[in-house]
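Asks: Could you look at this predicted model? Sequence included:
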Amino acid sequence: MKQLLASALALVLLCSGATVSALEGWAVHLDASALYGITVTGDSLWCSSSGGVLLLDLVDSTFTHYYDGLDLPSSEVRAVTIDGEGSVWIGFEKSGI
């Protein structure tokens, strides 16, 4: 049930396109139509997308966008999963894992 609610929350937030923060100005999030997969582990919801990896903290509803500065082989992330030891694995469209 927690995973279903978390997935629904993430989709609602991602569908909003852009949000306004009074303190920080504009914050643009990924386009939900480019979302390929969702993985929930603990209090974290991981999304693979055409713009990298998006992490939603389910405790405080903050987003972290993983792409810029990480030297990923591609921004086209087709899959994201978490193994039993907590390591994050991402699969790219043309570049492997």
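Replies: In hand now; what should we look at?
Asks: Quick one: residues contacting Tyr36.
Replies: If a contact means Cβ atoms under 8 Å, 6 or more residues apart in numbering, then Tyr36 has Ser48, Ser49, Ser50, Val77, Arg78, Ala79 as its contacts. All C-beta atoms are positioned from the backbone trio N, CA, C, and that covers glycine.
Asks: Kindly indicate whether it is helix, strand or coil.
Replies: Three-state call for Tyr36 (DSSP: H, G, I helix; E, B strand; the rest coil): strand.
Asks: Go through the contacts of Tyr36 and single out the one with the most neighbours.
Replies: The most crowded member of those, judged by other Cβ atoms under 10 Å, is Val77 (27 neighbours).
Asks: I'd like to know how far the residue lying closest to it once chain neighbours are set aside sits from Val88.
Replies: Using Cβ to Cβ, 6 or more residues apart in numbering and skipping the chain neighbours, the partner closest in space to Val77 is Ser48 (4.3 Å). Look at Ser48 and Val88: by Cβ to Cβ, to the nearest Å, they are 11 Å apart.
Asks: ok so, going back, what's the farthest-apart pair in the contacts of Tyr36?
Replies: Pairwise distances across the contacts of Tyr36 (Cβ to Cβ) peak at 12.6 Å, for the pair Ser50 and Ala79.
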